[in-house]
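Enquirer: Could you look at this predicted model? Sequence included:
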Amino acid sequence: MSSKEILDYIRALPMNEKRALTHEQLISIMKKLTTDEVIELSGIIGYPVFTRLCMGEELKHRFVLLQDGAAVIIKNKQGQILMQRRADNDKWGLPGGCQEVGESFEEVAIREVKEETNLDIKKEDLELIAVVSGPSRRNSYPTGDVVFNNTALFVVNTYKGELKQDYESKELKFFDLDFTPEHQNDPDLINIYKLRKNKEDVSM
């Protein structure tokens with residue numbers, strides 16, 4: 001198979017089969033690919049999962065990853081914010097996710113919002129609130145994975161489309177800022193936004 005045929009074959013696999021590729025299979029595949037094609041492969045599988053697969057069975061759930069990404073506070077006309085109840089840990093959080101190789105933070109925000117909520121947002125409508133890093137960005141997952149998510153936090157007031165959840169979500173719901181759920185995935189991000197909003201309210 002040519003490298004293009006290999007990539008097309010993997011692209012056509014269901015997500016669970018992409019994630020089930022073995023370390024040995026990846027080694028064999030990647031030896032046939034150029035650097036640009038390896039980058040393409042990482043995007044097909046999803047960069048964090050791809051990184052874990054490259055580590056092999058002994059290390060993939062033991063190695064602590066740094067993951068860059070974006071999260072978006074989507075506000076409706078009532079000033080409520082959209083939150084997502086995740087399927088993997090049952091916690092509420094903001095739409096967002098990890099950066100693929102070569103993406104800007106704005107591109108991450110736009111892509112993840114579309115994937116997770118079916119809403120369309122534009123780069124020019126995104127307002128950067130903060131770049132959040134450090135101990136508060138540590139997350140653990142049921143697989144045993146531990147990651148530190150360095151996150152560009154945006155807010156957006158303008159969006160289009162019909163709200164619809166994907167396989168990563170159990171529920172999508174707008175909440176008043178002072179009445180968000182207790183069981184949260186991103187409490188630090190919500191608190192940063194609250195502090196920013198309180199300062200704006202005081203200065204008005």
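Expert: Sure, I can see it.
Enquirer: For the helix or strand containing A109, which helices and strands make contact with it?
Expert: Using DSSP states H and E, A109 sits in helix 105-117. In terms of contacts (3 or more Cβ pairs under 8 Å, 6 or more residues apart in numbering; DSSP states H and E), helix 105-117 is packed against strand 65-74, strand 81-86, strand 96-98, strand 146-156, strand 169-175. Where C-beta positions appear, they are placed from N, C-alpha and C, glycine not excepted.
Enquirer: report the longest helix in the protein, please.
Expert: The residue-count maximum for a helix in the chain (DSSP state H) belongs to helix 187-203.
Enquirer: Contacts for it next, please.
Expert: Contacts of helix 187-203 with the rest of the structure, by Cβ atoms under 8 Å, 6 or more residues apart in numbering, involve 71, 73, 81, 93-94, 129-130, 132, 136-137, 151, 153, 155, 177, 180, 184.
Enquirer: So which bits of it are buried?
Expert: Judged by neighbour count (16 or more other Cβ atoms under 10 Å), helix 187-203 contains these buried residues: P187, D188, L189, I190, I192, Y193, R196.
Enquirer: lowest-pLDDT helix or strand in the chain?
Expert: Lowest on mean pLDDT, DSSP states H and E among the helices and strands of the chain sits helix 187-203, with a mean of 83.
Enquirer: Would you mind getting the angle between that one and strand 169-175?
Expert: 10 degrees (axes from the mean of the first three to the mean of the last three Cα atoms, to 10 degrees).
Enquirer: so what's the residue lying closest to F174 once chain neighbours are set aside up against?
Expert: Counting by Cβ to Cβ, 6 or more residues apart in numbering, Q80 is the residue found nearest to F174 once chain neighbours are left out, at 3.9 Å. The contact partners of Q80, by Cβ under 8 Å, 6+ apart, come to F174, F175, D176, L177.
Enquirer: same question, L26
Expert: L53, C54.
Enquirer: quick one: it from F50, how far?
Expert: 8 Å (Cβ to Cβ, to the nearest Å).
Enquirer: so how far is stretch 29-39 from its chain's centroid?
Expert: Stretch 29-39 has its C-alpha centroid displaced from the chain centroid by 24 Å (Cα atoms, centre = their mean, to the nearest Å).
Enquirer: which outside residues touch it?
Expert: Under Cβ under 8 Å, 6+ apart, the answer for stretch 29-39 is S3, I6, L7, I10, L21, L41, V101, G102.
Enquirer: quick one: the closest residue to V101 other than its chain neighbours from H61, how far?
Expert: Nearest residue to V101, sequence neighbours excluded (Cβ to Cβ, 6+ apart): I39, at 4.8 Å. Distance, I39 to H61, using Cβ to Cβ: 24 Å.
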